[in-house]
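Student: Just a sequence and a predicted model for now, questions to come.
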Amino acid sequence: MKKLLFVLLFIQFHLFSQELDATVTVNYEKLPIQNQEFLVTFKDIITEYLNSNRFSGENWNVPKIKCTFNIYFQSASDETNYSAQVFIGSQRDIYKSDRKSPMLTILDNNWSFTYEKNQPLNFLPSEFNPIQSFFDYYANVIIGMESDSWEKLSGKPFFDKALFIVNLALSSRYAKGWDRGSGNFNRRDFVEDLLNEKYRTVRESLYDYHYGLDFQFKNKIAGQEKIAGFVFTMNSIKSKIDSRSVFVKTLFDAKHSEIIENLKEHPKREELFKILRSIDPPHSGKYDLN
């Protein structure tokens, strides 16, 4: 069963069939005018695909997940072959609050695909398609991260689906971006980290972290202690995990500002920020300022 707070959130909202409430933007200014004309309905097609399909295969009995996909077309080798960078973001409701917790802030800069004007997108999760599978992968990652934050390790079925998509992609001609060696971020390493037993403690601690965010409506100090506990846990296992992990990097890309905001008045603030500088070097300058 879902945790109590998850159930309480459901009570406040209607029953939903689909999981995502996605906002899509498209920028194709770098493309020739002819290609831009071919893509005039692309944003609407992707939005409809993300918001009309049930990626879990079941009714989604809690509020839809707010997420964004900002697509920046980089090139077109002809009338149908494109490359793009995509910013993917998702947010989680914080209980009894009008604030949102950032769950993902990913810049995926290696997406290539074939698209014809007004091409329909069919939801066929067992088959690889460079467009649909890209969005299926991120839909499952978004749902998995959301689920993990409400019930420990409950995102695994969605991460399994994402890994299945990765394996389909690796045998296609669109493997770039899916396999290792595709820049600072690749889809394979990210989901393999999420499923790696080595990072189980990180995922479990993230559940406690989000419980702390939710509990602040009732007891702010107790909630902050849960958030601080996440930092101490990360410090205790830092020798066991790879600081270059795509998962760990992506985690702190999304969370560092929120962590700072919630711990800047903590009595062990200096100790906590010192730990954060050591476990999250890319954002050390942010911790130095607080």
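Tutor: Right, received. Where do you want to start?
Student: element containing Lys66?
Tutor: Assessed by DSSP states H and E, Lys66 sits inside strand 65-76.
Student: my bad, Asn129
Tutor: Under DSSP H and E, no helix or strand contains Asn129.
Student: still on that earlier bit, chain center to the helix or strand following the strand holding Lys66: distance?
Tutor: Of the helices and strands lying after strand 65-76 in sequence (DSSP H and E), the nearest is strand 81-93. The chain centre lies 9 Å from the centre of strand 81-93; the measure is C-alpha atoms, centre = their mean, to the nearest Å.
Student: So which elements touch the strand holding Lys66?
Tutor: Secondary-structure packing of strand 65-76 (3 or more C-beta pairs under 8 Å, 6 or more residues apart in numbering; DSSP states H and E): strand 20-27, helix 42-52, strand 81-93, helix 132-150. For glycine as for every other residue, the C-beta is placed from the backbone atoms N, C-alpha and C.
Student: Please repeat the previous calculation with a cut-off of 6 Å.
Tutor: Counting contacts by 3 or more C-beta pairs under 6 Å, 6 or more residues apart in numbering; DSSP states H and E, strand 65-76 packs against strand 20-27, strand 81-93, helix 132-150.
Student: Parallel or antiparallel, which strands does it pair with?
Tutor: With DSSP bridges as the test, strand 65-76 is paired with strand 20-27 (parallel), strand 81-93 (antiparallel).
Student: can you put these in a markdown table and add mean pLDDT, distance to Ser112 and mean neighbour count?
Tutor: Output for the strands paired with strand 65-76, formatted as a markdown table (pLDDT from 0 to 100; distance: least, C-beta to C-beta, whole Å; neighbours: other C-beta atoms under 10 Å):
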| stretch | mean pLDDT | distance to Ser112 | mean neighbour count |
| --- | --- | --- | --- |
| strand 20-27 | 98 | 16 | 19 |
| strand 81-93 | 97 | 5 | 20 |
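Student: any chance of those in JSON lines, with distance to Asp214 too?
Tutor: Converted to JSON lines, these look like this (distance: least, C-beta to C-beta, whole Å):
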{"stretch": "strand 20-27", "distance to Asp214": "20"}
{"stretch": "strand 81-93", "distance to Asp214": "9"}
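Student: circling back: what comes up buried for the strand holding Lys66?
Tutor: If you call a residue buried by 16 or more other C-beta atoms under 10 Å, then strand 65-76 has these buried ones: 65-69, 71-74, 76.
Student: Nearest to Asn110, out of these: which one, please.
Tutor: Gln74 (9.9 Å; C-beta to C-beta).
Student: what sits against the nearest residue to the closest one once chain neighbours are set aside?
Tutor: Spatial nearest neighbour of Gln74, excluding adjacent residues (C-beta to C-beta, 6 or more residues apart in numbering): Ser83 at 4.8 Å. Contacts for Ser83 (C-beta atoms under 6 Å, 6 or more residues apart in numbering) come out as 74-75, 112.
Student: ok, now Ile131?
Tutor: Contacts of Ile131 (C-beta under 6 Å, 6+ apart): Phe113.
Student: same thing with the one 5 residues further on?
Tutor: By C-beta under 6 Å, 6+ apart, the contact list for Asp136 reads 125, 165.
Student: Tell me which of the helices and strands packed on strand 65-76 sits nearest to Leu104.
Tutor: Closest of the helices and strands packed on strand 65-76 to Leu104 is strand 81-93, at 4.6 Å (criterion: C-beta to C-beta).
Student: can I get the CA coordinates of the helix or strand immediately after that closest one in the chain in PDB?
Tutor: Reading on from strand 81-93 to the C-terminus, the next helix or strand found by DSSP H and E is strand 100-114. Coordinates of each C-alpha in strand 100-114 appear next as PDB, following Å, rounded to 0.1, in the frame of the first residue of the first chain:
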ATOM      1  CA  LYS A 100       6.800  22.000  -5.600                       C
ATOM      2  CA  SER A 101       9.900  19.900  -5.100                       C
ATOM      3  CA  PRO A 102      12.100  19.500  -8.300                       C
ATOM      4  CA  MET A 103      12.700  15.900  -9.100                       C
ATOM      5  CA  LEU A 104      14.500  16.000 -12.400                       C
ATOM      6  CA  THR A 105      16.400  18.700 -14.300                       C
ATOM      7  CA  ILE A 106      18.100  16.900 -17.100                       C
ATOM      8  CA  LEU A 107      19.600  18.300 -20.300                       C
ATOM      9  CA  ASP A 108      19.700  15.400 -22.800                       C
ATOM     10  CA  ASN A 109      21.800  16.700 -25.700                       C
ATOM     11  CA  ASN A 110      22.000  13.500 -27.900                       C
ATOM     12  CA  TRP A 111      18.600  12.800 -29.400                       C
ATOM     13  CA  SER A 112      18.400  11.900 -33.000                       C
ATOM     14  CA  PHE A 113      15.300  10.600 -34.900                       C
ATOM     15  CA  THR A 114      13.300  10.500 -38.100                       C
END
